[in-house]
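Visitor: Sequence first, predicted model second:
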Amino acid sequence: MIAAVAGVCVFLFLAVAVLVRLRGRWAVPGTIGRALRWTGVAATVGVGVALLPGLSAEGGSAAAYLLGVPLVAAAAVVVSDLAGRAVAFVTTVVALVMGAWGLVLGLGLGFYFVVPALVFGIAALTSVRPRGLTTPSA
């Protein structure tokens, strides 16, 4: 199952990268970070949909919060990305929350959320813009 989720994440990232490349928008700042953020959102929703039947059969109403925390975190990334405010900060917090959630639930099905957490972590790294370096005028 984890191999399938990882394969879907890689496929989604490559599909977004090809579409962006074909439109000629590689020069736009933040394109790779945005593609990774949306790949992470798609992977989170995909993992949630894949785990929903088994988790609701085993856990019943507990499935709402077991799947709800990562899905709400992914929704926060969507809202932040669409609003264009605090994107790097929100993506970093979501990567940490989803990684911790996946590790806390690591003995069960929650471990599958570590893959989208890694995608969000890479997106957070690409969203940080370098500050201008100042050189001393000698």
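Guide: Right, received. Where do you want to start?

Visitor: hey, which helix or strand in the chain has the poorest pLDDT?
Guide: Between all helices and strands in the chain, the lowest mean by mean pLDDT, DSSP states H and E belongs to helix 2-22, at a mean of 65.

Visitor: Could you check the helix ranked longest in the chain and say which residues are buried?
Guide: Counting by DSSP state H, the longest helix found in the chain is helix 31-59. For helix 31-59, the neighbour count (16 or more other C-beta atoms under 10 Å) marks 31-44, 46-48, 50-51, 55 as buried. For every residue, glycine as well, the C-beta is placed using N, CA and C.

Visitor: Next, count neighbours for residue 76.
Guide: Counted with other C-beta atoms under 10 Å, residues neighbouring residue 76 total 15.

Visitor: pLDDT at it, what is it?
Guide: Looking at residue 76, its pLDDT reads 94.

Visitor: Where does the prediction get shaky in this protein?
Guide: 1-9, 12-13, 15-30, 107, 127-138 (pLDDT under 70).

Visitor: tell me the centre residue of it?
Guide: What sits nearest the mean C-alpha location of the chain, by C-alpha atoms, centre = their mean, is residue 40, with 2.8 Å.

Visitor: thought residue 121 was touching residue 102?
Guide: No: judged on C-beta atoms under 8 Å, residue 121 makes no contact with residue 102 at a distance of 11.6 Å.

Visitor: where's residue 47 relative to residue 101, distance?
Guide: From residue 47 across to residue 101, the span is 11 Å (C-beta to C-beta, to the nearest Å).

Visitor: who touches both of the two?
Guide: Shared contacts of residue 47 and residue 101 (C-beta atoms under 8 Å, 6 or more residues apart in numbering): 70, 113.

Visitor: So what's the residue count around the closest residue to residue 86 other than its chain neighbours?
Guide: Nearest residue to residue 86, sequence neighbours excluded (C-beta to C-beta, 6 or more residues apart in numbering): residue 80, at 6.0 Å. By other C-beta under 10 Å, the residues close to residue 80 number 19.
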